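sequence first, predicted coordinates after that:
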Amino acid sequence: MNIHLVLHDILYFIDVLLVLSLIILIAVKAKPGIAKVMLLTTWTSVIIFVVSHAVGVSVTDADLSRKILMFNLIDILLPLSSAHCVFALLGKNKAQKQVLGFMYTIAIALAATFIIHPQFFLLPSVPKLYFPNYYVPGPYYWVMLLYFFLVTTYFLIWMRRMYVISNGIEKNRIKYFFLALFLGYTIGSIDFLLIYNIPADPLWGFLFVPLSVIPYTYAALQYELMDISVVAKKAFIYAVTTAVIGLVLSVLNYANTLIADIYPHFPNVISSIIFALLAAVAVLFIWRKARESDVLKYEFINVVTHKFRTPLTSIKWISENLKETAPQDMKDDLLHIQSANDRLVELTNLLVNLAGTDDKSYEYAFSNVDVGAMLNNAVAEAKIKCDEKGITVSYTSHGQCMIFADQNKIKFVLQTLLDNAISYTPKGGKISVEISVNNSQFSGEKVWISITDTGIGIPKDEQKFIFTKFYRAQNGRKADTEGMGIGLYLSQRIVERHKGKIIAQSAGEGRGTTFVVTLPVLNSDK
């Protein structure tokens, strides 16, 4: 057995596992949209290419090798889908609509031609370097390479131009996209050199994934599909864990084959069981370590936040006692101390909630809750702030609304939405709160909560980001400098945990906002 071929196949197999782990992460966590679809399409194309390449160059039958390598036609889609993904992420789909249409038309025509006439694309494979069989280009294989090169070049030039005129987060993301694709496609092109008998080892093409797929995914997820501070770390952990497991399984499988070759009379069942047990132990060890890391993180945050609460409570009591006996000229200073202390308490509570939402098994205590009564109390508390600010607030309830929920978590959601409405509604504005059951907008038994304000609204191009952790709309940052961009993220996680839904509706900047929360009605058997 050729050790170079074994190493080549193992490295490409690890690439498949890495990309597959990212696909699963994106499919489970990412918000729906064209960017998500294109990102999944791009990495699925990479898997198809890598698998067909690794298998096609390893089989000994020349015609079978060619048939397997025909799946490399997916290369026609790869640069196009990656470009489409970036256009969608940067909000340039409409501007690039004609270009995308032209590119897709050419891609479909090329793919159809090569499928109908496969001999135009590839001829039967022949041995090259240490491969039993390798690509032999057909007379028009170069057309696919030319298309690939032209699309990639156009895309890189476009990104370079966008980088120059962009700033801030967008500029940084474009930099990641550009470098990832430039380095990835450059390294990945090593596979094509041997096709034209240039003696370059295709083994190094496996670097396409670490140099392109991972940083590209990082840039795609940043402030867009999900929170990057969590996702980047988790994606790296999942990818490395999957790669380690894959490497262990590959080594065990190779060792099993080696034993069978050296000791043909050794019972194959025994060695298979031994290696299966070793693989299971390796997987269990890695899983426990990953789980241990999550638990330790949660416990650390939990301990720290509780340590914060003790001195904060002491400060609150002492300041309240001092306020009763302090001279008049000191009372204003004490009010500032109390305000700052209240803010620290709020931040501490947010930190606890933030930790609790990252693992669904933590700190949810469900019980029967009258969400109507809870909302009524929340509105009564909010009315005090509204009166101070000169805002009118109205509350309409349509009967008792019972749900099965964590009362504290749902209370946090309601307070967050009401606080936001107050913060972003100017003096003289109005806030309307309504709750009912079985609203016609939704199917099934639902509690429907609507909070509408006449405030600053949400710009159309920023509405898709508002439930992203730490994200705040530009007009929101100007209206309330103290916000952190955590409340809506937490609210969405909490509502989803209750099998509900939260959406935001706004006609645009300066035209108010409506938040709608739907939660399942409490079943009679609960």
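Received, thanks. Numbers count the residues shown, from 1 in each chain.

for the chain, give me the ranges with low pLDDT.
Along the chain, the model assigns pLDDT under 70 to residues 1, 29-31, 167-169, 222-310, 339, 343, 346-363, 439-444, 469-485, 522-526.

all strands of it, in order?
Assigned by DSSP state E, the chain shows strands spanning 122-128, 131-137, 366-370, 392-397, 402-406, 430-437, 446-453, 501-505, 513-520.

could I get those as CSV with distance to A111 and mean neighbour count?
In this view, the C-beta of every residue, glycine as well, is placed from N, C-alpha and C. CSV is the format used below for the strands of the chain (distance: least, C-beta to C-beta, whole Å; neighbours: other C-beta atoms under 10 Å):
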stretch, distance to A111, mean neighbour count
strand 122-128, 14, 17
strand 131-137, 17, 20
strand 366-370, 52, 14
strand 392-397, 57, 15
strand 402-406, 51, 21
strand 430-437, 52, 19
strand 446-453, 46, 22
strand 501-505, 39, 15
strand 513-520, 44, 21
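
which one, of the ones you listed, ends up nearest to V46?
V46 lies closest to strand 131-137 among those, at 17.8 Å (C-beta to C-beta).

rewinding a little: figure out which of the strands of the chain is closest to F465.
Closest to F465 of the strands of the chain, according to C-beta to C-beta: strand 501-505, at 10.5 Å.

may I have that closest one as CSV, with CA atoms only?
C-alpha atoms of strand 501-505 as CSV (Å, rounded to 0.1, in the frame of the first residue of the first chain):
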residue,chain,number,x,y,z
LYS,A,501,-41.9,33.2,18.2
ILE,A,502,-40.9,36.8,18.3
ILE,A,503,-40.8,39.2,15.3
ALA,A,504,-40.1,42.8,14.7
GLN,A,505,-42.1,45.0,12.2
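
other residues contacting that strand?
413, 458, 463, 466-467, 488, 491-492, 495-496, 513-518 (C-beta atoms under 8 Å, 6 or more residues apart in numbering).

same thing with stretch 187-203?
Residues contacting stretch 187-203 (C-beta under 8 Å, 6+ apart): 4, 7-8, 11, 53, 57, 128-129, 131, 134-137, 141, 145, 204-205, 207-208, 211-212.

of those, grab the buried ones for ChimeraX.
The following ChimeraX line selects those of the contacts of stretch 187-203 that are buried, judged by 16 or more other C-beta atoms under 10 Å:
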select :8,11,53,57,128,129,131,134,135,136,137,141,205,207,208,211,212
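
which ones are touching the most far-flung residue of the chain relative to its centre?
Distance from the C-alpha centroid of the chain peaks at P327, with 54.5 Å (C-alpha atoms, centre = their mean). By C-beta under 8 Å, 6+ apart, the contact list for P327 is empty.

where's it relative to D333, distance?
10 Å (C-beta to C-beta, to the nearest Å).

same check, this time on V19
V19 is 59 Å from D333, by C-beta to C-beta.

between these two, which is the more surrounded one?
Each of V19 and D333 has its neighbours counted (other C-beta atoms under 10 Å); V19 has more, 24 against 12.

now stretch 423-441: how far from the chain's centre is it?
Remark: stretch 423-441 is offset 31 Å from the chain centroid, using C-alpha atoms, centre = their mean, to the nearest Å.

got the contact list for it?
Residues contacting stretch 423-441 (C-beta under 8 Å, 6+ apart): 371-372, 375, 379, 382, 386, 389-399, 401, 418, 421-422, 445-456, 476, 479-480, 483, 513, 518, 521.

ok, now stretch 71-84?
With C-beta under 8 Å, 6+ apart, stretch 71-84 has contacts from 34, 38, 41-42, 45-46, 48-49, 51-53, 56, 93, 100, 103-104, 107, 110-111, 114-115, 121-122, 135, 144, 147-148, 151-152, 154-155, 181, 185, 216.

can you rerun that using 7 Å?
If you take C-beta atoms under 7 Å, 6 or more residues apart in numbering as the criterion, stretch 71-84 is touched by 38, 41-42, 45-46, 48-49, 52-53, 100, 103-104, 107, 110-111, 114, 121, 144, 147-148, 151-152, 155, 181.

mind checking which of those are buried?
Judged by 16+ other C-beta under 10 Å, buried ones among the contacts of stretch 71-84: 38, 41-42, 45-46, 48-49, 52-53, 100, 103, 107, 110-111, 114, 121, 144, 147-148, 151-152, 155, 181.

which residues sit in contact with C386?
Residues in contact with C386 (C-beta under 7 Å, 6+ apart) are 393, 422, 431.

P127 now?
Listed by C-beta under 7 Å, 6+ apart, the contact set of P127 reads N133.

what about K460, neighbour count?
11.

give the contact list for it.
For K460, the contact set (C-beta under 7 Å, 6+ apart) comprises G508.

ok, it to S166 distance?
For K460, the distance to S166 equals 19 Å [C-beta to C-beta].

same check on T392?
42 Å.

again with Q338
Distance from Q338 to S166, counting by C-beta to C-beta: 43 Å.

same question for I23.
I23 sits 28 Å away from S166, going by C-beta to C-beta.

try E434
As judged by C-beta to C-beta, E434 and S166 stand 41 Å apart.

show me where the stretch 401-526 of the chain has helices.
Using DSSP state H, counting those that start in this stretch, the helices of the stretch 401-526 of the chain run over residues 407-423, 474-479, 487-497.

can I get those helices in a markdown table with distance to R160 and mean neighbour count?
A markdown table is the format used below for the helices of the stretch 401-526 of the chain (distance: least, C-beta to C-beta, whole Å; neighbours: other C-beta under 10 Å):
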| stretch | distance to R160 | mean neighbour count |
| --- | --- | --- |
| helix 407-423 | 39 | 21 |
| helix 474-479 | 26 | 14 |
| helix 487-497 | 33 | 20 |
